[in-house]
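[1] Mind folding the following:
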Amino acid sequence: MTSYSVLLKEWRKRRRMSQLDLAVEADVSARHISFLETGRSRPSPEMIVHLSEVMEVPVDARNQMMKAVGFAPRYAATPLDNAAMEPIRNAVTWTLEKHAPYPGLVLDRLWRVVELNGPAAVLFAPLGLAAGNSLLELLTGPTMAQVVENWPEVAHYTMLRLRAESAAAGGIPDLEIAIRELAAHAHAPSDAIVGPSIPTVYRFAGHRLSMFGTIAQFSTVADETLDDLKIELFFPSDEQSADLLTALTSQPQDLQLPISS
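    Below you'll find the predicted structure:
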């Protein structure tokens, strides 16, 4: 098992902080930080939590730090179907249902679809995306280039988001692989592109759907499962797209969306 001193130094460097930076932010002496990193001092559980909070270390890594010193893990990893998670499940379901007729879905740490609302199920079914599937597989496969009009720009911003998530978590191999694959297709938008956000513009047979997304995460997280959970909500970028999404919800059986070639 990696020692706490090594883990502390690795996370400090990931956050681009010097020992003095960390000491000032945490209101402890730089000497104590130095002693912790050389193994001359043994941290208390409270100090591990305190320094982790300052460096915004994810809860699973905090548990690893605890175990490295011989302490019990501080944070649980409660399955989402556990009874204790009922208020969380209710909040997620309420958010997705109230977001209709616009699509919304829930992703885990590796961008697997945990749950999605009715509009998202109808919209993404032709792309092969359903609960339990990997969004990363869809993003790195050939389908997106076929159905997304501005795929190079979308791939660019998706790559940046994956890079930020991986860095914040200390490196996630699955995300790093996807980043490298997206890099082959990514292209930063030109100066000619204007607007508050870069929408994803889907081309389905006979339809053009432009959407932008927002990401919601739980605050004051003290559980590994919640720390990894993200709710992605999509909104129409124009009136035509809003009408199409409304039609998807009201008459899904009458509106076929085969992938155009």
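
[2] When you work out contacts or count neighbours from here on, use the C-alpha atoms and nothing else.
    Noted.

[3] Can you list the low-confidence ranges for the stretch 1-150 of the chain?
    Residue ranges of the stretch 1-150 of the chain with pLDDT under 70: 1.

[4] Would you point out which residue is most central in the protein?
    In the chain, the residue lying closest to the centroid (CA atoms, centre = their mean) is Lys230, at 5.6 Å.

[5] bridging residues for that residue?
    Beta bridges link Lys230 to Leu107 when assigned by DSSP bridges.

[6] Which pLDDT does the model give it?
    For Lys230, the pLDDT comes out at 96.

[7] Over to Ser250?
    Looking at Ser250, its pLDDT stands at 75.

[8] How many residues are close by Met159?
    23 (other CA atoms under 10 Å).

[9] thinking it is in contact with Leu182, fair?
    Yes: if you go by CA atoms under 8 Å, Met159 and Leu182 touch, sitting 6.2 Å apart.

[10] what are the ranges of the strands in the stretch 1-150 of the chain?
    With DSSP state E, counting those that start in this stretch as the criterion, the stretch 1-150 of the chain has strands at 104-107, 113-116.

[11] Mean neighbour count, the ones you listed: which tops it?
    Among the strands of the stretch 1-150 of the chain, strand 104-107 has the highest mean neighbour count (mean count of other CA atoms under 10 Å), at a mean of 24.

[12] gap between that one and the chain center?
    In terms of CA atoms, centre = their mean, to the nearest Å, the gap separating the centre of strand 104-107 from the centre of its chain is 10 Å.

[13] for it, packing partners?
    strand 113-116, helix 118-124, strand 230-236 (3 or more CA pairs under 8 Å, 6 or more residues apart in numbering; DSSP states H and E).

[14] how many neighbours does Arg14 have?
    16.

[15] contacting residues around it?
    Residues near Arg14 by CA atoms under 8 Å, 6 or more residues apart in numbering: Ala167, Gly170.

[16] what bits of the stretch 151-261 of the chain have low per-residue confidence?
    Residues of the stretch 151-261 of the chain that meet the cut-off, pLDDT under 70, sit at 191-195, 205, 251-261.

[17] again, only this time at 90
    Across the stretch 151-261 of the chain, the ranges flagged by pLDDT under 90 are 185-198, 203-207, 219-221, 247-261.

[18] just to revisit the earlier point, out of the strands of the stretch 1-150 of the chain, nearest to Glu153?
    strand 104-107 (21.6 Å; CA to CA).

[19] Give me the residues contacting the closest one.
    The contact list for strand 104-107 (CA under 8 Å, 6+ apart) reads 96, 113-117, 119-120, 229-234.

[20] Nearest to Leu7 among those?
    The closest of those, once distances to Leu7 are taken by CA to CA, is Leu229, at 24.1 Å.

[21] isn't the closest one right next to Val221, touching?
    No: applying CA under 8 Å, one finds Leu229 not in contact with Val221, separated by 10.3 Å.

[22] of the two, who's got more company?
    When neighbours are counted by other CA under 10 Å, Leu229 comes out ahead of the other of Leu229 and Val221, with 20 against 14.

[23] And the helices in the stretch 151-261 of the chain, which stretches?
    Using DSSP state H, counting those that start in this stretch, the helices found in the stretch 151-261 of the chain span residues 151-168, 173-183, 224-228, 239-250.

[24] now these in CSV, with distance to Arg89?
    Formatted as CSV, these follow (distance: least, CA to CA, whole Å):
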stretch, distance to Arg89
helix 151-168, 23
helix 173-183, 26
helix 224-228, 11
helix 239-250, 23
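
[25] Please report how far the residue nearest to the centre of the chain lies from Asp60.
    With distances taken as CA to CA, to the nearest Å, Lys230 is found 16 Å from Asp60.
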